[in-house]
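In: have a look at this prediction, sequence included:
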Amino acid sequence: MKSAVIVFPGLNRDRDMIAALEKVTGEKPHLAWHGDSDLPDVDLVVVPGGFSYGDYLRAGAIAARSPMLKRVKEHADRGGLTLGVCNGFQILTETGLLPGALMRNRDLKFLCKVIHLKAENTTSPFTSAYKGHEAFPCPIAHHDGNYFIDPDGLKALEDNNQIAFRYCDENGNVTLEANPNGSIENIAGITNKQGNVLGMMPHPENLIEAAHGGIEGRYIFDSLVAAVA
Amino acid sequence: MLKNQNIEITPELIASHGLNEEEYAKILELIGREPTYTELGIFSAMWNEHCSYKSSKKWLKTLPTTGDRVIHGPGENAGVVDIDDGQAVVFKMESHNHPSYIEPYQGAATGVGGILRDVFTMGARPIAAMNALRFGAPDHEKTRHLVSGVVAGVGGYGNSFGVPTVGGEVEFDPRYNGNILVNAFAAGLADADKIFLCAAKGVGLPIVYLGAKTGRDGVGGATMASAEFGDDIDEKRPTVQVGDPFTEKCLLEACLELMQTGAVIAIQDMGAAGLTCSAVEMGAQGNLGVELYLDDVPTREEAMTAYEMMLSESQERMLMVLDPEKEDVAKAIFHKWDLDFAIVGKTTDDLRFRVIHEGAEVANLPIKDLGDEAPEYDRPRAAYPAPSTLGEIDSNIDIAQALLTLVGNANGASRRWVWEQYDTLIQGNSVQVPGGDAGVVRVEGADGKKALAFSVDVTPRYCEANPREGGKQAVAECWRNLSAVGALPLAATDNLNFGNPEKPEIMEQFSQAILGIGDACRALEFPIVSGNVSLYNETNGIGILPTPAIGGVGLLKDWAKMMTLSFKEEGEVILLIGE
Amino acid sequence: MHARIFVTLKNGVLDPQGQAIEGSLSSLGFEGVDAVRQGKIFDVKLDETDHEVAKEKLAQMCEKLLANTVIENYSIEIVD
Amino acid sequence: MHARIFVTLKNGVLDPQGQAIEGSLSSLGFEGVDAVRQGKIFDVKLDETDHEVAKEKLAQMCEKLLANTVIENYSIEIVD
Ligand SMILES: Nc1ncnc2c1ncn2[C@@H]1O[C@H](COP(=O)(O)OP(=O)(O)O)[C@@H](O)[C@H]1O
């Protein structure tokens, strides 16, 4: 699988993402600097996590307006697979590639911990490998992960099967207590209507090998490899 | 002719710069004339406690600072220790106590920013951070505000910069009501043969200003950090610095990229008293003079005076001596990261420190004397009051109840609420996060097994009861925490937080604690490779508990063999070892 | 010319910061606070003398960057 | 009663957010923007009819919570 990682100043989980892609796919991703004007033809474009431009103004807002995001949008509009993690998710919503917005966490604090996720659908190119292990522990690390969408938008997400992940408890039950940041309906990740763009707050790239205490993050990349094969 | 900005050097002005009569007399003797206003500012910055270590130097010299693995000990931006395979760990701890009391979020944030800069100035990519925090009584009116601000500030900076916070301490005691402690530790990874130092080399080479623009932030701040608080604290407030972790992250990437090109001859971070200390240190350490052209310094505010520029503590800035042949490469890298890059001076062979502003020379001082001739005091010491003995212990105590009291106490309770606000996982190498004896981080670029362990410790109560034993105990506890996860303790950094050194009892506490630290470090072959002293932690005559925090680093050959503290299964045998 | 731009959350959009502030105010003993909503202001110094042109320009800045029009409204005021 | 509270950074205090916004505006092609400073507003609904009493109360809220008076200024406007 050929992939590209977009690099903005201020991102800081780009190295984690690059390492994860390399470990799982065996190929080094192409690095696309935000100021570059073109993006090579790849199977997967990843917008990694961090604090692009310090997240000043709004999380992801400034990065979303950069020239490179136009290329990402073109790639996505062509049906190209596009993954945004954490700040990447924020950037993709700011760009309009994904609906809704990510607001400050309910408790207004940055929160880094291992929570549990439930893959709500295992039919997307990002989540097929979760079949059979729908619920799994996964780290989060964010300040603005409180997903908001208006009632019509929410209904559309549900009707189109766009909700990819929800926060749940250890047993896979989606409960109020299992919601770490106040996201509407415990939403942790969504796809676009076409299903080729995924945005999620948790960090699969930090869940790849024994040293991470689990390997369930690999399944995203495994799913993608299977999807492009 | 030196330009003096038409400010008369009065005894009041001298006193307000924290210089006493003898110190001023020495200045007159050294330069043979009255200093200009800018020069007075330069002396005050160089000779205050924070930069000159004038009260502590005598005692710091007694610490063991060498060892088989020590590549650079104290004197550089951070200590450097060999960790095999051609790799080195670079680390230091530093306090930001006074600024954090005045503005907890920004004070703590800029403290973290400062220590990270110390580490990456040496060519190391930061891989771990810790923070040792001390606050007043939980029910004191200011505590809640201070705690939430400081923790948010530590996290706000470190999380955005992208370094995992893997350990720390949080404690409460009424003795910190008026003086909280915020000590930040950072460690980075570098190739052992690619360490960058601050001593300038070569005459006539360009001195380059890197990073963010200069504003009036913290003008007079380093002097503040060395003065006891009084009730007029509000007046000192506008000198608060605001941290910009985004710019610092760009600065990190730009510096590491630049260092690879071979363009950097020497580099120094602008910390307290920014341009002054960094330029003087680079010149003095390299036995060279320095000429600075302030008109070329990138500024953020209008009409800044030479005095203000020389004393500004604006964050996220550095100074470097550049290989002139690589100027274009260097400029391109900094512009790519949208950072300021300006040639603001050159090295000279006359050992003078010259500052030129608006066509006039505003300072011309002997560069070596600024550091070498800084006052050094053997301050009087007097026995501290003997500790009161503990009362009789009631043998009928209800153990279960006592246990509940202990774990329900602010100092015994879980610190999860703190460390969950820190990114402990970023970089993907945290194999042990806070909550255990030490944080453990896997080392990249080696065999994938090697890891480093980090812990910071001190028990101020013990230090007050017996400073020498308390000093030893802090080292021993840190050493134990490292060994408890299976690491070989390598070396340590210290952050010595004490009250007013002009009080003989405090000076006695201070010196004894250092001697104790030295005893333990020698016995354990655990050298001190960097550190920081914070004195005058006193408000209205009430000093903090003596708090010499020790930050230690240990090496694990294979993180898979690391120990954690949880019991693993039912029916396991519990052993108690030690005396 | 100086202008001030106000960006506020649309009605119906959750405001965690406003809610938290409401909570803290009441725990600080302030009574009678029925609602708090937090917004942003941007003070902009513009190199432009014509008010109408400036307003138009500022509106574009809002549309393109300063406001996320999915969740936020904006308004513009010329100060001098 | 509705009131609006404005909280802005004091002069000379670094505003990294404003700087980043300025940079982004210029790379989006907006010219002639000399400076941007970011601030906050709080729209407060108060259970109080006397303007003076309300202002006094709001000022206290600013001092105690809404503004960080070390680096920020505040001002209060009664809307209705
Ligand atoms: N400010 C902090 N930041 C990160 N971790 C912290 C902080 N304070 C405490 N911790 C972590 O909480 C755990 C318990 O702290 P402490 O009670 O001081 O440990 P110990 O006394 O066993 O060294 C340790 O793992 C420590 O690293």
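Out: Yep, that arrived.

In: can you list the residues of chain C near chain A?
Out: Residues of chain C lying close to chain A (Cβ under 8 Å from any Cβ of the partner chain) are C:12-17, C:20, C:64-66, C:68, C:70-71. From N, CA and C alone the C-beta is placed, and that goes for glycine too.

In: so among those, which ones count as buried?
Out: C:13, C:14, C:15, C:16, C:17, C:20, C:65, C:66, C:68, C:70, C:71 (16 or more other Cβ atoms under 10 Å in any protein chain shown).

In: for residue B:312, see how far away the closest residue to chain D within the stretch 251-400 of chain B is.
Out: Closest contact between the stretch 251-400 of chain B and chain D, by Cβ to the nearest Cβ, is at residue B:301 (6.0 Å). Residue B:301 is 9 Å from residue B:312, where distance means Cβ to Cβ, to the nearest Å.

In: of those two, who's got more company?
Out: residue B:312 (29 against 16; other Cβ atoms under 10 Å in any protein chain shown).

In: and the more buried one, backbone torsions?
Out: phi -60, psi 140 (degrees, to the nearest 10).

In: for residue B:126, same thing?
Out: Backbone torsions of residue B:126, given as degrees, to the nearest 10, read phi -60, psi 130.

In: what about the nearest residue to residue B:246 once chain neighbours are set aside, neighbour count?
Out: Spatial nearest neighbour of residue B:246, chain neighbours left out: residue A:54 (2.9 Å); criterion: Cβ to Cβ, 6 or more residues apart in numbering or on different chains. Residue A:54: 23 surrounding residues under other Cβ under 10 Å.

In: where do the strands sit along chain C?
Out: Under the criterion DSSP state E, chain C contains strands at C:2-9, C:33-46, C:72-78.

In: so for the ligand, which of these sits nearest?
Out: Proximity to the ligand (Cβ to the nearest ligand atom) singles out strand C:33-46 among those, at 28.3 Å.

In: quick one: buried residues of the closest one?
Out: C:33, C:36, C:37, C:38, C:39, C:40, C:41, C:42, C:43, C:44, C:45, C:46.

In: list the contacts for the residue nearest to residue B:246?
Out: Residue A:54 makes contacts with A:10, B:160, B:244, B:245, B:246, B:247, D:16, D:17, D:20, as judged by Cβ atoms under 8 Å, 6 or more residues apart in numbering or on different chains.

In: let's see 7 Å
Out: Each residue near residue A:54 by Cβ atoms under 7 Å, 6 or more residues apart in numbering or on different chains is listed here: A:10, B:160, B:245, B:246, D:16, D:20.

In: list just the nearest of those to chain C.
Out: residue D:20 (10.7 Å).

In: the closest one reaches residue A:52, doesn't it?
Out: No - assessed by Cβ atoms under 7 Å, residue D:20 is found out of contact with residue A:52, at 9.9 Å.

In: for the residue of the stretch 251-400 of chain B closest to chain D, which non-adjacent residue is closest in space?
Out: In space, residue B:301 is closest to residue B:215, 5.0 Å off (Cβ to Cβ, 6+ apart).

In: who's in contact with that neighbour?
Out: Listed by Cβ under 7 Å, 6+ apart, the contact partners of residue B:215 are B:300, B:301, B:312, B:314, D:12, D:14.

In: among those, name the least confidently predicted one.
Out: The pLDDT minimum for the contacts of residue B:215 sits at residue D:12, where the score is 81.

In: for the residue nearest to that residue when sequence neighbours are not counted, grab phi and psi.
Out: Spatial nearest neighbour of residue D:12, chain neighbours left out: residue B:216 (5.3 Å); criterion: Cβ to Cβ, 6+ apart. Note on residue B:216: its backbone torsions stand at phi -90, psi 10 [degrees, to the nearest 10].

In: can you get me a residue count around residue B:216?
Out: Residue B:216: 23 neighbours (other Cβ under 10 Å).

In: can you classify the residue located most distally from the centre of chain B by secondary structure?
Out: In chain B, counting by Cα atoms, centre = their mean, residue B:396 sits farthest out from the average C-alpha position, at 47.0 Å. With DSSP: H, G, I helix; E, B strand; the rest coil as the basis, residue B:396 sits in coil.

In: got it, and residue B:202?
Out: Under three-state DSSP, residue B:202 comes out as coil.

In: shouldn't it be in contact with residue B:346?
Out: No - Residue B:202 is beyond contact range of residue B:346, at 9.9 Å (criterion: Cβ under 7 Å).

In: of those two, which one has the most company?
Out: Neighbours per residue (other Cβ under 10 Å) separate residue B:202 from residue B:346, with residue B:346 holding more: 20 against 16.

In: can I get the buried residues of strand C:33-46 in CSV with distance to the ligand and pLDDT?
Out: Converted to CSV, the buried residues of strand C:33-46 look like this (distance: Cβ to the nearest ligand atom, whole Å; pLDDT from 0 to 100):
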residue, distance to the ligand, pLDDT
C:33, 33, 92
C:36, 31, 93
C:37, 33, 94
C:38, 28, 94
C:39, 33, 95
C:40, 31, 96
C:41, 34, 96
C:42, 35, 96
C:43, 36, 96
C:44, 39, 96
C:45, 41, 94
C:46, 45, 93
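
In: any idea how far residue B:187 lies from chain D?
Out: For residue B:187, the distance to chain D (Cβ to the nearest Cβ, to the nearest Å) stands at 26 Å.

In: and that residue, how many neighbours?
Out: Neighbours around residue B:187, by other Cβ under 10 Å: 29.

In: same question, residue A:43
Out: Applying other Cβ under 10 Å, I find that residue A:43 has 18 neighbouring residues.

In: now it: how far from residue A:82?
Out: Distance from residue A:43 to residue A:82, by Cβ to Cβ: 10 Å.

In: okay, now whatever residue of chain A ends up closest to chain D: neighbour count?
Out: Closest approach between chain A and chain D, counting by Cβ to the nearest Cβ: residue A:56, at 3.9 Å. For residue A:56, the number of neighbouring residues by other Cβ under 10 Å comes to 24.

In: wait, it sits on residue D:22?
Out: No - contact between residue A:56 and residue D:22 fails when scored by Cβ under 7 Å: they sit 10.4 Å apart.

In: now residue B:53: phi and psi?
Out: phi 50, psi 40.

In: residue B:329 now?
Out: The phi/psi pair for residue B:329 (degrees, to the nearest 10) is phi -60, psi -50.

In: ok, it - how many residues close by?
Out: 15.

In: and for residue B:572?
Out: Using other Cβ under 10 Å: residue B:572 sits among 8 other residues.
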